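Enquirer: predicted structure and sequence below. I'll ask about it afterward.
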Amino acid sequence: MTTQSVPTVSDANEDVRIDSSPEPVVRAEEICKTYGEGPLAYEALAPCSISLYPGELVVILGPSGSGKSTLLHLLSTIDVPTSGHVWLAQRRVDSMAERDLARVRACEIGFVLQRDNLIPSLRLDENVAAPLMLAGVSRREALVRAREVLDSVGLGAKVASFPGQVSGGEAQRAAIARACSARPSLIVADEPTGALDRANGAMVMDLLQQVTADGSAATLLVTHDQEYATRANRTFTIVDGHLRET
Amino acid sequence: MLSGSALVAVSLGRSLRRHRSRAISAVLAGALGVALTTAILVLTGAVTDAIRGASLDVPGAQWVAAARSSSGMSDSLTVRAAAVPGVHVAELIRVSTRDATSQDPLLVVGVTDAIATFAAQPSALSSLAATAPDGAADGMPILASRTWAAAHDVDVGDTISLEAPGGVEPAHIVGLLDRPVVRSDNVVLAAFADVAAVFDRPGVTDGVLVQSDRADQAALREEIDAAFGGAASVVRPQDSASSYERSFKSVRTILSLFAFMSALVAASVVFFCWRVTLDDARPSISRLRLVGAHHGALSAGAAMVLLPIVALSTAIGTPIGLVLGANLSGFTNDLVKLTQLAVESHAPMRGPALGGALVAIAVFAIALASSVRTITKIPVIDAVVTGRPQ
């Protein structure tokens, strides 16, 4: 795994780069998320800034309900910040039209969730080919590429299986295969090992670490498991909606 | 992007296939709606076609005074109409009967000599006038519709038999007409006096054709109307069957309502089946959105799933509807008989089939519109929220 020293100081409304590195894959400036209004308003994420660079694995740690997933959603276009701006691959995405946003999700972001990652009515190869096909790649070409990626994660024999026919570990590996099939700029992983046993969890983490090191994508990993922080290039902690680099 | 829509279609299609009963219900409901609509369109089309066949086709006549009573009106009223300044009139009498040989319905129209001056084929009509009514040994001289004559393999010089109150009456064909005064092809023309005598209708007339060069047609109409004193309705010749159409209007309204209800039931069943399928597919849809499916691709995918269902419903429903409509010919004939016209109803095919297909498209367009609405309301965040409170 390659290590890059691209520290970013957050929660102090700063985004300081120490050495000269490539352009950030993701850059968020002063983003915050508040649910509700008036006296019922709940601040899920306090204003913070963060940047992620190609080839780095960034881990966000924090207890349940601390705002980890909220931050992940804001950085990956799943949700929009109450204030602040987000840039992904040099394009501002917090105010993007739905159609453009869908294209960004297909081409620039790979998602790995805790569970229920895959589309149950599609075979594993179709699941992995989905971002490619939705980005406009022909069905045949997308399926060929998807089978290659599935083969690389050890699922070459299960390409025609449906998600309900494979184990949890295999489903997570297929999700990682899908996440990197379109060679995105950013891979977001929300508790990817949360529903797996220790051995499968380690296998999934190895895989995530490998795809991050192999490609030009940055990986943002949200977890409450401290052990995985040791694999990260940078680690952030989030407590009560406040993000701090550790 | 087509491959993206196809992927969405595969996903939704498999969701629908997993619940076969829903797919079958949607197809059957659609087919039922199409079949009933098609059958009703066949029925109404046949009756409308029959009634339209009874309207007058006399290019030279500006107005026709059609007797309000089915038993006709006194022919003395014609004299009053003829007294209106600047008009020429011709009387006609109309009798529904049958060709005694083939038992096919036949309309016998008795016309006065004056009609020769405003009908489409004056020379042929003149030949009728030139033939002395009592001079034809083979029966009453008639001019037959060329189409009818060809269909019944008769020609000028032949004698046919007509059913009349006094028994079977011979009629001698003295000429053929391409435009036999009424739009129906099942027509023979004869002298007014002959028809009145043979069919026992002395002293009455069913209609008076009016020709005039007067510029103010509205005023002319009022004067003619006044001359008949309410015994006749004064209309344009092409509207002469409008009274029959009005009679049929309420029946048509009821039938149309029935077709509408069947389409509505079909739409409700299809809508419900599709909506439940989409609700089940909600996780798949949100995950598709997560990996880059935009609203357009999702909507196109939904349309690609619905399209074969529309096609299948139409393919099943249309032939059933056409057969059903044709088999209801007894009902159609009963409706036509109410007009007391000797017209044949021809069951149309293309129009009702098109109508049925349009109903299928409308039914599934409603389902598609509903699915587009549902799909666009499924947020991407649904794919990642695993039960944690927002």
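Expert: Happy to help now that I have it.

Enquirer: pretty sure residue A:68 sits against residue A:222.
Expert: Yes. Using CB atoms under 8 Å, residue A:68 is in contact with residue A:222, at 4.5 Å. From N, CA and C alone the C-beta is placed, and that goes for glycine too.

Enquirer: shared neighbours, those two?
Expert: Jointly contacting residue A:68 and residue A:222 under the rule CB atoms under 8 Å, 6 or more residues apart in numbering or on different chains are A:60, A:190.

Enquirer: the longest helix in chain A is where?
Expert: As assigned by DSSP state H, the longest helix anywhere in chain A is helix A:198-214.

Enquirer: can you name every helix or strand that the helix or strand that that one is followed by contacts?
Expert: Sequence order places strand A:218-223 as the next helix or strand after helix A:198-214, per DSSP states H and E. Helices and strands touching strand A:218-223, by 3 or more CB pairs under 8 Å, 6 or more residues apart in numbering or on different chains; DSSP states H and E, are strand A:57-61, helix A:68-75, strand A:186-190, helix A:198-214.

Enquirer: show me what secondary structure element comes after strand A:218-223.
Expert: strand A:234-239.

Enquirer: got a list of contacts for that following strand?
Expert: Outside strand A:234-239, the residues that touch it by CB under 8 Å, 6+ apart are A:6-8, A:10, A:45, A:50, A:56, A:58-63, A:66-68, A:71, A:229, A:243-246.

Enquirer: list buried members of the residues you listed by neighbour count.
Expert: Among the contacts of strand A:234-239, those classed as buried by 16 or more other CB atoms under 10 Å in any protein chain shown are A:6, A:8, A:10, A:45, A:50, A:56, A:58-62, A:66-68, A:71, A:229, A:243.

Enquirer: tell me, what residue is most central in chain A?
Expert: Centroid-nearest residue in chain A, with CA atoms, centre = their mean: residue A:188, separated by 0.4 Å.

Enquirer: excluding sequence neighbours, find me the nearest residue to that residue.
Expert: The shortest distance from residue A:188 to any residue other than its chain neighbours is 4.5 Å, reached at residue A:76 (CB to CB, 6 or more residues apart in numbering or on different chains).

Enquirer: and the gap between the one you found and residue A:112?
Expert: 11 Å (CB to CB, to the nearest Å).

Enquirer: shared neighbours, these two?
Expert: Common contacts of residue A:76 and residue A:112 (CB under 8 Å, 6+ apart): residue A:188.

Enquirer: contacting residues for the residue in the stretch 151-300 of chain B positioned nearest to chain A?
Expert: Using CB to the nearest CB, the closest approach of the stretch 151-300 of chain B to chain A is made by residue B:292 at 2.4 Å. By CB under 8 Å, 6+ apart, the residues touching residue B:292 are A:102, A:103, A:105, A:106, A:107, A:130, A:131, A:134, A:135, B:4.

Enquirer: now these: which count as buried?
Expert: A:102, A:103, A:105, A:106, A:107, A:130, A:131, A:134, A:135, B:4.

Enquirer: so who does the residue in the stretch 51-200 of chain B positioned nearest to chain A touch?
Expert: For the stretch 51-200 of chain B, the residue closest to chain A is residue B:52, as judged by CB to the nearest CB, at 52.2 Å. The neighbours of residue B:52, taking CB under 8 Å, 6+ apart as the test, are B:183, B:241, B:245.
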